[in-house]
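Novice: the following block contains a protein sequence and its predicted model.
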Amino acid sequence: MDLLTLLSDGFATSLSPLNLMIVILGVTAGLFIGAMPGLGSVNGVAIVLPLTFIVPPASAIILLAAIYYGAMYGGAISSILLGIPGASTAVATTFDGRPMAQKGEAALALIAAAFASFVGGTVAVILFTLFAVPLADVALAFGPAEEFALVLLAFTTFVGLGGDDILKTIIMICLGLVLSTVGLDLISGQPRLIFGDLPGFYSGVSFLVLAIGVYGIGEVLYTIETSKSNPTVSNAKITFKDVISGLKTMRRYTKTMSLGSFLGFFVGMLPAAGATPASLMAYGLAKQTSKKPETFGKGNIEGVVAPETANNAASTGSLLPMLTLGIPGSPTTALLLGGMVMWGLMPGPMLFIDQPDFVWGLISSLYTANVAAVLINIALIPLFVWALRMPFSVLCAIVLVLCIVGGFAPNQKMHDVWLIVLFGFAGYFLRKADYPLAPLVLALVLGPLMEKSFRQTLIAEQGNIFAFIERPLSATFIFLSLLFFIWPIVGLLRKSKQEHPHFSSKRPNFSRQNS
Amino acid sequence: MINADRIIASLIMISALYFMWHAVSLPIGWNGLEGGPGGGAFPFWLSLVMLLCAAGVFWRSTSGSKFQRFAFDMSMVKPIFLVSVGLVFTVFLTSMIGAHLAVFLFLFWYLRFVGKHSLKLSVAISVVTPIIMFFFFEVTLKIMLPKGVSEPLFLPLYAMFF
């Protein structure tokens, strides 16, 4: 009952005319960003974040969350109409979405994707509402030792479950953490890593600068290289009758949607997993449990429904640890966390006590965003078909300008713009060489918390390093971290003994660029 | 053929050494009973881990394993090079002649000469974008973008809108 009161208070915030308009605007922008090949939720949030100064902090975060949501829906549009995933989260949607479009069923595929996303998103938001308060209550017992152990766990999940090269993942985590130490020492206040007394480094390296660099400029460069020619856009005309018959068809896939929603939500909560692996897993599961597995990959509607339900559920799932524990579950939620800190809203359990209006306003806005996204998605399909025909060079030029100007706006320093360009080039080359970028961004965002909690614990315990394993919660997290770290190494050693003389660490299970 | 994976690993190793060199200006050791590591410890030891892992990547690439997968699509090197140079030049020009003029020049050059779009479209986008930038950032958000030598051109606009 209490929960319903909090949620209804939240709706009072999120349904205010300004916030409602912001949700509609954010979802529409997100749909377009998600629909553009190469640009996903993380790119959209990174590029738009500096422009959110125009609205109050709570509305700014609602706007970013709406973009995140919209982009999750939008990713399916180009997967179906172009055969190129709009974002890595929609990779699995191309497997059957594109064949459906080629068979002349683009309209049905788009309706199925939109409706499945709606179901996945809604189930996940309900689960989110139920889990948020208990999780925040547990997190209230956290001291610096638990905070450190939890951040460590987040990083080791990247090593254990990330699916990328282990050495390269560790390099990226360390690089992000080192970059987070630039500026003034947290404890002594002395300057460190200011590279020859460059004044621009005294305030540290902003997560926004890194995110705009790697996800804005780096992504544009990468997309220029990979999108050599403009692919053909399938046409899709949707009538009201199509929508009704599409919804009737969807009733047959309740099981697929339920499985996808639950799987997506729980996979999304894991820091190293997220929407891409969740959608791939849901696709695999749908194929396994289907009566006609041989039709998968040839235009089976279940192959669109399953990944779309899961990726939307996962995107909501990854918001849960970010909001309740202050530990983001994906790069996009890391940016949202950074944005919240920038606006003076510190994510974590205290947020539920200090700022209930904001928290419940944000949670209820996810319900609104879901409804808005499904309606706008279906209503604007002709516009998406038109937008996807836009030459990539126009989009690319506008994104680059947004990166330069948007990167300058928050701190008004040319130093930041130069860093953005530098990170952009570095991000492009690192991505080409298979270095995962998600742990880099997450490490930069979580670095200050990790160092602060580590050093605070040791100061409080007079340098006793065992303080981390003397508290039960912290000890559990440390144990899990060790497990995640050792598990792949043991697996690799066993594997290399069996088949390969060299150290091999590319694992196919969980792989993603961003989500 | 040059192994790009090796070049990147070397650059990471050099960066790690550079970070370590700067990190030692603060204590990197343990302060014992006083309470944990010094201010330089975090960046120093993490850079060391980075250095060792990059050395591992380098060593692995010399052993001729399957990790040498880094390849450029040579036909796309030119557009990427052009965009990169254009971008650096635009940021440089932003400090010199101001953001609005630099963005106008970049967009016109990129759309007309790299993207090979029509003159009408190129002019339209390159003129409208700086105008939107002015109204969004300067008039609405009161964030002044760099003007460089073009500052006097904006004085009448300031008088009109502020």
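Specialist: Nice, thanks for sending it over.
Novice: from here on, just use CA atoms for contacts and neighbour counts.
Specialist: Fine.
Novice: how about the contacts made by the residue in chain B positioned nearest to chain A?
Specialist: Relative to chain A, the nearest point of chain B is B:G35 (4.0 Å; C-alpha to the nearest C-alpha). Applying C-alpha atoms under 8 Å, 6 or more residues apart in numbering or on different chains to B:G35 gives the contacts A:R455, A:L458, A:I459, A:A460, A:E461, A:Q462, A:G463, A:N464.
Novice: same question, A:F115
Specialist: A:L247, A:M250, A:V374.
Novice: list the buried residues of whatever helix or strand the first one lives in.
Specialist: Right, the one you point to is A:L247. Using DSSP states H and E, A:L247 sits in helix A:240-250. For helix A:240-250, the neighbour count (16 or more other C-alpha atoms under 10 Å in any protein chain shown) marks A:V243, A:G246, A:M250 as buried.
Novice: with adjacent residues omitted, what lies nearest to the first one?
Specialist: Spatially, and ignoring its direct neighbours in sequence, A:V243 is nearest to A:I111 (6.6 Å; C-alpha to C-alpha, 6 or more residues apart in numbering or on different chains).
Novice: wait, isn't that neighbour in contact with A:S245?
Specialist: No: the pair A:I111 / A:S245 is not scored as a contact, 9.7 Å apart, by C-alpha atoms under 8 Å.
Novice: of the buried residues of helix A:240-250, closest to chain B?
Specialist: Using C-alpha to the nearest C-alpha, the buried residues of helix A:240-250 come closest to chain B at A:V243, 36.3 Å.
Novice: please report how far the closest one lies from A:L388.
Specialist: As judged by C-alpha to C-alpha, to the nearest Å, A:V243 and A:L388 stand 22 Å apart.
Novice: kindly report the same for A:V42.
Specialist: 19 Å.
Novice: now do A:A112
Specialist: 20 Å.
Novice: of the two, who's got more company?
Specialist: Higher neighbour count among A:A112 and A:L388: A:A112, with 26 against 22, using other C-alpha atoms under 10 Å in any protein chain shown.
Novice: without its sequence neighbours, what residue ends up closest to the more buried one?
Specialist: A:V305 (6.1 Å).
Novice: do you know how far that neighbour is from chain B?
Specialist: 34 Å (C-alpha to the nearest C-alpha, to the nearest Å).
Novice: next one: whichever helix in chain A runs longest to chain centre, how far?
Specialist: Longest helix in chain A, counting residues (DSSP state H): helix A:106-139. Centroid displacement of helix A:106-139 relative to its chain, using C-alpha atoms, centre = their mean, to the nearest Å, is 14 Å.
Novice: which elements pack onto the helix or strand that it is followed by?
Specialist: From helix A:106-139 onward toward the C-terminus, using DSSP H and E, the following helix or strand is helix A:144-161. Packing contacts for helix A:144-161, counted by 3 or more C-alpha pairs under 8 Å, 6 or more residues apart in numbering or on different chains; DSSP states H and E, involve helix A:166-180, helix A:438-460, helix A:467-470, helix A:472-498.
Novice: ok, and what's touching the least confident helix or strand in chain B by mean pLDDT?
Specialist: When the helices and strands of chain B are scored by mean pLDDT, DSSP states H and E, helix B:151-161 comes last with a mean of 89. Helix B:151-161 is contacted from outside by B:G98, B:V139, using C-alpha under 8 Å, 6+ apart.
Novice: state the pLDDT value of the residue nearest to A:A112.
Specialist: pLDDT for A:V305: 94.
Novice: that one and A:G246, how far apart?
Specialist: For A:V305, the distance to A:G246 - C-alpha to C-alpha - is 12 Å.
Novice: what sits in contact with each of the two?
Specialist: Counting by C-alpha under 8 Å, 6+ apart, the residues touching both A:V305 and A:G246 are A:A112.
Novice: low-confidence regions, chain A specifically.
Specialist: Within chain A, the segments meeting pLDDT under 70 span A:1, A:228-231, A:272-273, A:496-515.
Novice: for the residue in it sticking out farthest from the centre, give its distance to A:F142.
Specialist: Most distant residue from the mean C-alpha position of chain A: A:Q462, 38.4 Å away (C-alpha atoms, centre = their mean). Relative to A:F142, A:Q462 is positioned 19 Å away (C-alpha to C-alpha).
Novice: ok, A:G326 next?
Specialist: Relative to A:F142, A:G326 is positioned 11 Å away (C-alpha to C-alpha).
Novice: so which of these two has more stuff around it?
Specialist: Shown here are A:G326 and A:F142; by other C-alpha under 10 Å, A:G326 has more neighbours (26 against 17).
Novice: tell me how far that one lies from chain B.
Specialist: Relative to chain B, and taking C-alpha to the nearest C-alpha, A:G326 is found at 21 Å.
Novice: which residues does that residue contact?
Specialist: Neighbouring residues of A:G326 by C-alpha under 8 Å, 6+ apart: A:L337, A:M346, A:P347, A:G348, A:P349.
Novice: from those residues, pick the one nearest chain B.
Specialist: The closest of those, once distances to chain B are taken by C-alpha to the nearest C-alpha, is A:L337, at 22.6 Å.
Novice: helix, strand, or coil at that closest one?
Specialist: In three-state terms, and counting by DSSP: H, G, I helix; E, B strand; the rest coil, A:L337 is helix.
Novice: and for it, the neighbour number?
Specialist: For A:L337, using other C-alpha under 10 Å, the count is 26.
Novice: now do the contacts for it.
Specialist: A:M322, A:L323, A:G326, A:P328, A:M346, A:P347, A:V445.
Novice: isn't the last one right up against A:M340?
Specialist: No: A:V445 is beyond contact range of A:M340, at 11.4 Å (criterion: C-alpha under 8 Å).
Novice: which element is the spatially closest residue to B:V114 that is not a sequence neighbour on?
Specialist: Spatial nearest neighbour of B:V114, excluding adjacent residues (C-alpha to C-alpha, 6+ apart): B:P79 at 7.5 Å. Under the criterion of DSSP H and E, B:P79 resides in helix B:77-97.
Novice: could you do A:Q462 as well?
Specialist: Applying DSSP H and E, one finds A:Q462 in no helix or strand.
Novice: what does it show for phi and psi?
Specialist: Dihedral pair for A:Q462: phi 50, psi 50, per degrees, to the nearest 10.
Novice: and the residue of the stretch 251-400 of chain A nearest chain B?
Specialist: Using C-alpha to the nearest C-alpha, A:S393 is the residue of the stretch 251-400 of chain A that sits closest to chain B, at 5.6 Å.
Novice: so that residue versus B:Y110, what's the distance?
Specialist: Taken as C-alpha to C-alpha, the span from A:S393 to B:Y110 is 8 Å.
Novice: these two - which one has more neighbours?
Specialist: Counted by other C-alpha under 10 Å, A:S393 and B:Y110 do not tie: B:Y110 has more neighbours, with 23 against 17.
Novice: which parts of chain A are strands?
Specialist: A:183-184, A:191-192 (DSSP state E).
Novice: so which of these is the most packed in?
Specialist: Among these, strand A:191-192 has the highest mean neighbour count (mean count of other C-alpha atoms under 10 Å in any protein chain shown), at a mean of 22.
Novice: relative to that one, what are the paired strands and their orientations?
Specialist: Here strand A:191-192 has these sheet partners by DSSP bridges: strand A:183-184 (antiparallel).
Novice: now B:S118, nearest residue through space, not along the chain?
Specialist: Distances taken as C-alpha to C-alpha, 6+ apart put B:R112 closest to B:S118, at 6.6 Å, once the chain neighbours are dropped.
Novice: centroid-nearest residue for chain B?
Specialist: Note on chain B: the residue nearest the mean C-alpha position is B:V88, at 8.4 Å, using C-alpha atoms, centre = their mean.
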